[in-house]
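*Asks:* sharing a model that was predicted from the sequence below.
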Amino acid sequence: MDLLAFGKTGWGDELFIATLMTIAVSVTAMLIGFLFALIFTPLKLSKNKFLNLIGNFYTTVIRGVPELLVIYLFFFGGSGAIMFVASIFGYNEYIEINAFLTGSFAIGIISGAYSTEVFRGALQSIDRGQYEASKVLGIKKNIQFLKVIMPQMLRLAIPNLSNVWQITLKDTSLISVTGLVEIMRQSYIAAGSTRDPLFFYSFAAVLYLLLTFLSMKLINRLELKYSRGY
Amino acid sequence: MDLELMSSSIPKLLSATVITLKLLSLSLFFGLFIGLIFAILRLNKNIFVNKFAYGYSYLFRGTPLLVQIFIIYFGLGQIEYLRSTVLWVVLKEPYWCAIIAFSLNTGAYTSEILRSAFQTIKPGFIEAGKSLGISSKIIFYKIQIPIAIRQSLPAYGNEIILMLKGTSLASTVTLMDLTGVAKYIISTTFKPIEVFIVAGSIYLFMTFVIHSFIKYLEKKYSFQ
């Protein structure tokens, strides 16, 4: 237990901060994923063949390629791509991008592909009658979406989004390869300097279990809230 | 776009694909056994057996695969006792450590898939078997298992694809699988996009083949 002491003698405070980092990356990645889903769900549902193709390309490629490969693409290609864009605007200095942003972005793109599928499924299973009824009542299109369609869609989507959250949370362990100090990276450092990998990796497993357990509790509450009346 | 690099990396990546496929097939083979055993334990009425099987699947589904590999590869070697046993022959090889981690991981997911498949079998099928005087052992092997396999095909197909992507983690314990070699080429040439396109296409092709194969099996074993 000395190994987990807070302060200079143990790894308790480092691991605590690393856990907060894991949570921060997961939440950021999930939000970035929602942004991607916001763009790609309409594309997947669009009647235009070309837009449809773009939407399908995104979800198929990202869900068919290992997460680690996507992370390597961003880790090695991220700053190059930004420098290329910057050079168009006449900025030729070396730009190093933040590990937190690269990591969140890489995981966000992956999580977005899963979220897109969830939102598409939820939107498609809403009864046509709901659209027709709100049209008959003379409700405007954007209000129809916000007040009629979206609440129903969320009820259907939340159980599946909770799966996406679990996947995203676990995927963040992979960005430890880029050097961002989250749970896995901190355990790696601690295991290296104390020569006690068994203890630290098991403790990392406990931390992840705790995170998945607590987030499930929270999501269940959310689920109850949105399924009121059913 | 460096087309020359792309074409020269194809043979290297393809030979690494063999390792990926070996890892995948062995893990799925062991994982199916583990999954079947734990699914049966989950259906056991004894509360301890039941809870044990649930704990196993909860533990492996609630933690990242990377942690599991690291515990097995870096962690187990620390136990002095293990190093003196025969097990050490297996555990000192990163290849087998990866396979053990993957098998245990996919076993946990498979046990959940099979459990829900067993639970959705209509009682009528088992009752029909009983009324024909078939012994409960044969009912299990000849009625319950085939129906459960058919029921779980779509979910298991997804699990195979998830496992294919999971094998990429073998590269973190020094194995040169498809992702490992791709990373090596990227870090020596600094051409991430080209290598990503080639390696990604190989992965997508494998996903496509697995997906089509499962669709074919689903059709072949459908109830109609």
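*Replies:* Yes, it's here.

*Asks:* and the helices in the chain?
*Replies:* All of this is about chain A. In chain A, the helices defined using DSSP state H lie at A:12-45, A:49-64, A:67-88, A:99-124, A:128-136, A:141-143, A:150-171, A:183-194, A:197-226.

*Asks:* other chain: chain B
*Replies:* Using DSSP H, helices in chain B cover B:3-43, B:47-62, B:65-70, B:80-84, B:87-91, B:94-119, B:123-131, B:136-138, B:145-166, B:178-189, B:192-220.

*Asks:* re the thing from before, so which of the helices of chain A is the most packed in?
*Replies:* helix A:99-124 (a mean of 22; mean count of other CB atoms under 10 Å in any protein chain shown). Every C-beta, even on glycine, is put in place using the N, C-alpha and C of the backbone.

*Asks:* picking up where we left off before, of all the helices of chain B, which one is nearest A:Gln130?
*Replies:* Set against A:Gln130 and scored by CB to CB, the helices of chain B come closest in helix B:145-166, at 28.3 Å.

*Asks:* now the closest one: average pLDDT?
*Replies:* For helix B:145-166, mean pLDDT is 91.

*Asks:* which residues does that helix contact?
*Replies:* Contact partners of helix B:145-166, identified using CB atoms under 8 Å, 6 or more residues apart in numbering or on different chains, comprise A:64-67, B:20, B:24, B:27-28, B:31, B:65, B:102, B:105-106, B:109-110, B:113-114, B:116-118, B:120-121, B:125, B:203, B:206-207, B:210-211, B:214-215, B:217-218, B:221-223.

*Asks:* filter those to the buried ones?
*Replies:* Neighbour counting by 16 or more other CB atoms under 10 Å in any protein chain shown classes A:64-67, B:20, B:24, B:27-28, B:31, B:65, B:102, B:105-106, B:109-110, B:113-114, B:117-118, B:203, B:206-207, B:210-211, B:214, B:217 among the contacts of helix B:145-166 as buried.

*Asks:* thinking again about what came up before, what's the most buried one of the helices of chain B?
*Replies:* With neighbours defined as mean count of other CB under 10 Å, the helices of chain B peak in mean count at helix B:65-70, which reaches a mean of 25.

*Asks:* how far out from the middle of the chain is that helix?
*Replies:* Distance of helix B:65-70 from the chain centroid (CA atoms, centre = their mean, to the nearest Å) equals 14 Å.

*Asks:* check whether that helix contacts chain A.
*Replies:* Yes - Helix B:65-70 is in contact with chain A by CB under 8 Å from any CB of the partner chain, via B:65-68, B:70.

*Asks:* now for the residue nearest to A:Phe100 when sequence neighbours are not counted, how many residues are close by?
*Replies:* In space, and not counting its chain neighbours, A:Phe100 is closest to A:Leu180: 6.1 Å by CB to CB, 6 or more residues apart in numbering or on different chains. Residues lying near A:Leu180 (other CB atoms under 10 Å in any protein chain shown) number 22.

*Asks:* show me the contacts for A:Leu180.
*Replies:* A:21, A:25, A:99-100, A:103.

*Asks:* between those, which is nearest chain B?
*Replies:* Of all the contacts of A:Leu180, chain B sits closest to A:Val25, with 12.8 Å by CB to the nearest CB.

*Asks:* quick one: low-confidence parts of chain A?
*Replies:* Residues of chain A meeting the criterion pLDDT under 70: A:1-2.

*Asks:* residues of it that sit close to chain B?
*Replies:* A:60-61, A:64-69, A:72-73, A:76-77, A:80, A:170-171, A:173-174, A:176-177, A:184, A:187-188, A:191, A:195-198, A:201-202, A:204-205, A:208-209, A:212-213.

*Asks:* if we can go back for a sec, which of the contacts of A:Leu180 sits closest to B:Thr188?
*Replies:* A:Ala99 (21.5 Å).

*Asks:* please name the residues that touch that closest one.
*Replies:* So A:Ala99 contacts A:175, A:178-180 (CB under 8 Å, 6+ apart).

*Asks:* for chain B, see how far away the residue nearest to it when sequence neighbours are not counted is.
*Replies:* Distances taken as CB to CB, 6+ apart put A:Leu180 closest to A:Ala99, at 4.2 Å, once the chain neighbours are dropped. Separation of A:Leu180 from chain B (CB to the nearest CB, to the nearest Å): 14 Å.

*Asks:* any chance of the backbone angles for A:Leu180?
*Replies:* Note on A:Leu180: its backbone torsions stand at phi -70, psi 130 [degrees, to the nearest 10].

*Asks:* what residues does chain B have near chain A?
*Replies:* Counting by CB under 8 Å from any CB, chain B sits next to chain A at B:58-59, B:62-68, B:70-71, B:74-76, B:78-79, B:161, B:164-169, B:171-172, B:179, B:182-183, B:186-187, B:190, B:192-193, B:196, B:199-200, B:203-204, B:207-208.

*Asks:* surely A:Thr194 touches A:Tyr201?
*Replies:* No - A:Thr194 lies out of contact with A:Tyr201 (CB atoms under 8 Å); the separation is 11.9 Å.

*Asks:* rewinding a little: of the contacts of A:Ala99, just the buried ones, ChimeraX syntax please.
*Replies:* To isolate the buried ones among the contacts of A:Ala99 in ChimeraX, judged by 16+ other CB under 10 Å, type:
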select /A:175,178,180
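
*Asks:* report the two of the contacts of A:Ala99 separated the most.
*Replies:* Across the contacts of A:Ala99, the longest distance by CB to CB is 8.6 Å; it joins A:Ile175 and A:Gly179.

*Asks:* before we move on, back to that, could the contacts of A:Ala99 go into TSV alongside distance to A:Gln152?
*Replies:* Output for the contacts of A:Ala99, formatted as TSV (distance: CB to CB, whole Å):
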residue	distance to A:Gln152
A:Ile175	35
A:Thr178	39
A:Gly179	43
A:Leu180	38
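
*Asks:* my read is that A:Phe76 contacts B:Glu194, right?
*Replies:* No - taking CB under 8 Å as the definition, A:Phe76 is not a contact partner of B:Glu194, at 11.2 Å.

*Asks:* any stretches of chain B with poor pLDDT?
*Replies:* B:223-224.
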